[in-house]
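1. okay, structure incoming, though there's no sequence with it:
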Ligand SMILES: Cc1ncc(C[n+]2csc(CCOP(=O)(O)OP(=O)(O)O)c2C)c(N)n1
Ligand SMILES: Cc1ncc(C[n+]2csc(CCOP(=O)(O)OP(=O)(O)O)c2C)c(N)n1
Ligand SMILES: [Mg+2]
Ligand SMILES: [Mg+2]
């Protein structure tokens, strides 16, 4: 599953693998840009947290950019996703703008949730992102329900549910996948297996070695992909989307990946070794993707640098925009508890 | 899986199948007696309900006697079971006396729960029965916890969890089996698959054709047996108990069976055909067992009749005992809410 | 409006049918609501009229089922989820309380969650501790939810239709013993305004606030006391969240005495809230007697019919207590 | 008793360690309580002292985890289950409310359920709506449960040890902002009697009943008002179920005024119950002013630090309100 191997299995031109055959240069560029946006957004977020500019906690997805972007890159704004507590990447992958995300972090009215939600509830409903979730597994029934809504209106869209390896042991996982299967719903369950649920390894928390094994208990396909390889992720997603849109029902995709940062700010990484972390850093999804793009002659270094520069600019602008944002006033604390019958 | 087949695979003497080789004539007699006790208890319960002697609802296990008795017959009072809303059979199988069960039904102080629990909470803690449960799937975490208590005290006992096919779609099923597997707990999960969860067939409620398939998702053995054949049920249980007591962890046994009565009193059987019901009645576990016992020359008709007569007597006595019971007085309504700090 | 008699259950069924006819986004889901017709017969033959896609039998999975309803609502559908017994909503309280109730707020008003949960509740059927609870106070404590409790067939239909129209999550507690009571129910699609209590009987000596089945017991008690010359004003609370404080305060100012009758456990039940909002209001200075609460006893609901009756307020007890309250025995 | 300073979190950890040393039936389970030491560091290095069998990291599965604790308790063990945040107990409320709370009663007293649930709660950490709730009123409504809320390190340890000894299910709500506060904690294994409130400060003008972190804010407010000659009596509620009615009534009879300060949502929160039980008691006739409630606002807890502070009572607001209450501004 190393970058080298993947590159090998890839050829330019007509018989290129689907990921390259099916996507234009522009689309590939956007995918790479979003991976960089996630990376730099997370780094800035971490930095601003350390500098005391934001409060609360945050869960960074550094190292998991390939699954967020590889899953979302072919979705439209009418397709739904539900995200997790580690949701910044999914949000950007689905098309959110970092300036409104930074603003949310800083608790500003300009933020996606007008400062009410923060990192753990960040959402961009306009692009079909129903939101990060503070409850592990909380998004599983929600995505399944969004898929049911699509089916009820005879739509051709799809709902995607991101969840972690830890979430797979919640009852919500079992109930949701079973319901989706018996009702044949257009939903794709994407397990980002980064090996740990907070401090507990999948080995200590989960009775099976691969989450995908559980798909058989719901009579749905369960595939395992290299979550750090965007092409592998995206090609599995193409198959699952096709299946969903054809009315053939749900699928489970397990992306094997790793978070190189701690679980959250309070994590002292007592449950894993430095070596393990360093080893995974060698499989950083962004350089892997860039190497492949160059190897295939799709982009040269100058073009790649242009992407990185654009991202630097976007992130810097977004950060500045957010810092200049407006603080909510205390008299608005009751706003939006209700749509009707409350304070508007 | 017909009685005939099973009989074929059975020979007297040394190379008899384990069920017959491992059990004395007395044990087999007790097993048969308990099956009859369940049958007659249920019929009397139904009758007294129709005659307005009991209120509330009740769930009869007529047709499922083989799994209740086959699972429990080798358990000691130190082994635990958790039961379901359809729990009369489990209670008798675990060794309860019908007179205290009738008394519970009639809401008498002499009842197992002093009239506080009724049919849906009937329990005989003294024989290790932690109780029927009004919550579908409610017993799954409880049995798993009882198994954990056994493990914590380094005991050699086992916990058994009865649950239905409908319960297998509850999150409690998933969370419990996963925890039992990762902690290697001495618990046996017994799914009484009677094809329906109230009015919904497993086909409409469950993504897999056999519940046992889901065992693989918890890395534990999952076996399917003819739930109407006590020998098949018991032999699967022997293996699972052995495994549990040796510290090899949990197992799942799926007993394919059928309830010939409606789900509860309000059931009008709109969701199934008369033919289906009649077909299953031909596979009544009690005659099947008696035929086999006779075929193997273990009991003759006179001996079998003696068992039935004994049961008639026990049930009649129990019913009379219960009717003569004491009604609770209103001043005791707060008793036993708490062990300490409440009304004793 | 044309008027005819329907049972409480029939009124709900009519409301469900009219809502589904009027708006194709509306569908209902729950356990055994299809061919079985619902554990209490509320959905009846709707599956034959609207098909299995709009009358969905769910697997026995309340967290998933309720959560799927919430997700469908956020995504533009109008689901009505029936808990077979509201006791089972405790399996789904995460999705109701952490997700549905908070989603709009957490998203800064960018989404709405138009889901309706039907909650059959209450004791009196001999179903014991896990099938007889009255959990309205628990959910009434949660901002973001609307919590209703009809006492008549007319309100049962009107509140349901109002709830289905409402863009926010609404829980409707339906007392099981009310399903069979009959009353006049307009044929039209009408809505009962959410958050408004109603005076069911005018009186001058004491204000009795009651909910669901206790409204009927309070009215019986009022009838009996009227013969003794005690005039009881009976207010049907109807909505736990929001609570119609104005109607209650106005009544107390007039009668100078307040009693609350409810089936849920007394401590931290709805009577506590009603007592407290009067005690903190300008009506406090009008009170001529302590505020009386008659609620369920501090125990689970027992199976024995004798104990079951003793566990919740009954008419004779209400009569006795109100007499004391008015005659100054307290 | 020897005395030294410990933090609230350290006091709980000491209690857990002493209980495990004293009784091998005692063990603790929860998410990330092992090598991670607990999300708030409460369990610290206990796993190294007692091993993974007695300090059990559970999978992320609250219904199963809590239910396993309940089952183990019925079967003779003495489990202490830590919810990482009490908000997640909503996933387990079925096992806590339908099973643990009712089991002894349903079985006619034939079993006991000696399980302890530790419930980190409250806002102020910027964790937003799903990690900041105060659900004590919800569980306090349930007969069969005992619900405690310590405000000092000494009580945190004493209540935990009392809860572990107790044969019935006990929930202990630990406000997250209290974990770091320090106070003297006896070295010995001592128990804080369950169900007893305590007067933290004597006063004559108004009785303020507060719980957990609000006890500290009430004491601050009392200090400020003392300078103005207003003597505030501050009662630390400590136990939500059972409630120490006697201590509260006695205090109100003396001061003739009552205010309740709590972080949970105001409506149907603990203030409602305390107000109601005074309004129905003989203390009612002693009241010289309406009963005041200061609780959380009717919204989920917002993320913005500005709004988060505005969502729950703060010292200056308490001062202002109490001044009004005593000076007759209400
Ligand atoms: C229901 C629930 N339980 C526990 C938590 C605390 N918690 C937050 S994230 C997390 C780990 C989740 O692991 P996983 O699903 O693998 O996602 P990852 O953090 O690895 O991305 C835990 C235990 C929570 N937020 N919600
Ligand atoms: C959590 C919960 N959901 C729903 C019910 C209502 N109910 C009682 S029994 C039952 C069917 C259970 O089916 P199964 O598990 O197959 O057991 P069986 O009745 O077939 O023995 C249902 C839906 C319940 N008691 N608890
Ligand atoms: Mg993980
Ligand atoms: Mg069944």
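-> Yes, it's here. Fair warning: this is a prediction, and the values are worked out from it, not measured in the lab. Residues are numbered from 1 along each chain as shown, chains lettered A, B, ... in the order given. Ligands and ions are numbered 1, 2, ... in the order given.

2. need the helices for the stretch 51-200 of chain C, in chain order.
-> Here the stretch 51-200 of chain C has its helices, by DSSP state H, counting those that start in this stretch, at C:62-74, C:93, C:101-106, C:136-140, C:153-165.

3. and the last one, what's buried?
-> For helix C:153-165, the neighbour count (16 or more other Cβ atoms under 10 Å in any protein chain shown) marks C:153-165 as buried. Quick note: C-beta positions are derived from backbone N, CA and C, even for glycine.

4. between the helices of the stretch 51-200 of chain C, which one is closest to ligand 3.
-> Proximity to ligand 3 (Cβ to the ion) singles out helix C:62-74 among the helices of the stretch 51-200 of chain C, at 20.9 Å.

5. ok, the closest one near ligand 1 or not?
-> No: in terms of Cβ under 6 Å from any ligand atom, no part of helix C:62-74 sits within range of ligand 1; the closest distance is 11.2 Å.

6. circling back: rebuild the helices of the stretch 51-200 of chain C as a markdown table, extending it with mean pLDDT and distance to residue B:184.
-> Putting these into a markdown table (pLDDT from 0 to 100; distance: least, Cβ to Cβ, whole Å) gives the following:
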| stretch | mean pLDDT | distance to residue B:184 |
| --- | --- | --- |
| helix C:62-74 | 98 | 27 |
| helix C:93 | 98 | 31 |
| helix C:101-106 | 98 | 38 |
| helix C:136-140 | 98 | 37 |
| helix C:153-165 | 98 | 48 |
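
7. need those helices in CSV (columns: distance to residue A:257).
-> Listed next are the helices of the stretch 51-200 of chain C as CSV, based on distance: least, Cβ to Cβ, whole Å:
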stretch, distance to residue A:257
helix C:62-74, 25
helix C:93, 32
helix C:101-106, 27
helix C:136-140, 39
helix C:153-165, 43
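
8. so what's residue 86 up against?
-> Just going to use chain A. Shown in contact with residue A:86 (Cβ atoms under 8 Å, 6 or more residues apart in numbering or on different chains): A:59-61, A:64, A:132, A:164, A:192, A:259.

9. looking at chain C here, not the other one
-> Taking Cβ under 8 Å, 6+ apart as the test, what residue C:86 contacts is C:119-121, C:133, C:135, C:173.

10. equivalent analysis for residue C:185, please.
-> C:3-6, C:10-11, C:14, C:153-154, C:157.

11. and the worst-scoring helix or strand of chain C on mean pLDDT, is it in reach of chain B?
-> Ranking every helix and strand in chain C by mean pLDDT, DSSP states H and E puts strand C:3-7 at the bottom, with a mean of 90. No: judged by Cβ under 8 Å from any Cβ of the partner chain, strand C:3-7 and chain B are separated, with a smallest distance of 15.8 Å.

12. end to end, how far does stretch A:53-60 reach?
-> Distance between the boundary residues of stretch A:53-60 (Cα to Cα, to the nearest Å) amounts to 16 Å.

13. next one: it to chain centre, how far?
-> Stretch A:53-60 sits 18 Å away from the centroid of its parent chain (Cα atoms, centre = their mean, to the nearest Å).

14. does chain C sit close to that stretch?
-> No: judged by Cβ under 8 Å from any Cβ, stretch A:53-60 stays clear of chain C, getting no closer than 12.9 Å.

15. give me the contacts around that stretch.
-> Identification of contacts with stretch A:53-60 by Cβ under 8 Å, 6+ apart yields A:42, A:45-46, A:48-49, A:85-88, A:105-107, A:118-120, A:259, A:261, A:263-266, A:323, D:125-128, D:303, D:305.

16. which of those are buried?
-> Buried members of the contacts of stretch A:53-60, counted by 16+ other Cβ under 10 Å: A:42, A:45-46, A:48-49, A:85-88, A:105-107, A:118-120, A:259, A:261, A:263-264, D:125-128, D:303, D:305.

17. any residue of stretch A:256-263 up close to ligand 3?
-> No: using Cβ under 5 Å from the ion, stretch A:256-263 stays clear of ligand 3, coming no nearer than 7.2 Å.

18. how many neighbours does the nearest residue in space to residue A:87 that is not next to it in sequence have?
-> Spatial nearest neighbour of residue A:87, chain neighbours left out: residue A:132 (3.2 Å); criterion: Cβ to Cβ, 6 or more residues apart in numbering or on different chains. Number of residues near residue A:132 (other Cβ atoms under 10 Å in any protein chain shown) recorded here: 27.

19. now residue A:132: which helix or strand?
-> Per DSSP states H and E, residue A:132 falls between elements, in no helix or strand.

20. need the contact list for it.
-> Residues in contact with residue A:132 (Cβ under 8 Å, 6+ apart) are A:83-88, A:90-91, A:117, A:119-123.

21. now do residue C:196 against residue D:4, distance only.
-> Residue C:196 is 59 Å from residue D:4, where distance means Cβ to Cβ, to the nearest Å.

22. the two: which is more packed in?
-> residue C:196 (14 against 8).

23. spit out the contact partners of the more buried one.
-> Neighbouring residues of residue C:196 by Cβ under 8 Å, 6+ apart: C:238-239, C:244, C:247.

24. got JSON lines for those, with distance to residue D:59 and secondary structure too?
-> JSON lines is the format used below for the contacts of residue C:196 (distance: Cβ to Cβ, whole Å; DSSP: H, G, I helix; E, B strand; the rest coil):
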{"residue": "C:238", "distance to residue D:59": "43", "secondary structure": "coil"}
{"residue": "C:239", "distance to residue D:59": "40", "secondary structure": "strand"}
{"residue": "C:244", "distance to residue D:59": "46", "secondary structure": "coil"}
{"residue": "C:247", "distance to residue D:59": "50", "secondary structure": "helix"}
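
25. okay, those in TSV with distance to residue D:263 next?
-> Listed next are the contacts of residue C:196 as TSV, based on distance: Cβ to Cβ, whole Å:
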residue	distance to residue D:263
C:238	29
C:239	25
C:244	26
C:247	29
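
26. from those, which is closest to residue B:220?
-> The nearest member of the contacts of residue C:196 to residue B:220, counting by Cβ to Cβ, is residue C:239 at 49.1 Å.

27. next one, pLDDT for that closest one please.
-> Residue C:239 carries a pLDDT value of 98.

28. who's it bridged to?
-> Using DSSP bridges, the bridge partners assigned to residue C:239 are residue C:148.

29. repeat for residue C:207
-> Beta-bridge partners of residue C:207, counted by DSSP bridges, are residue C:233, residue C:258.

30. you'd agree it is up against residue C:261?
-> No: when contacts are counted by Cβ atoms under 8 Å, residue C:207 is not listed as touching residue C:261 (11.1 Å).

31. what about residue A:279, neighbour count?
-> Using other Cβ under 10 Å, residue A:279 is surrounded by 11 other residues.

32. get me the contact residues on chain C for chain B.
-> For chain C, the residues in contact with chain B (Cβ under 8 Å from any Cβ) are C:31-32, C:34-37, C:39, C:57, C:59-64, C:87-88, C:91, C:125-131, C:297-300, C:302-307, C:309-311.

33. contact partners of the least confident helix or strand of chain C?
-> Where contact means Cβ under 8 Å, 6+ apart, the residues beyond strand C:3-7 that reach it are C:14, C:153, C:157, C:179-187.

34. and which of those is nearest to residue B:74?
-> Once Cβ to Cβ is applied, the member of the contacts of strand C:3-7 that ends up nearest residue B:74 is residue C:179, at 45.9 Å.

35. quick check, pLDDT for the closest one.
-> Residue-level pLDDT assigned to residue C:179 equals 98.

36. burial check on it, number of neighbours?
-> By other Cβ under 10 Å, 20 other residues sit near residue C:179.
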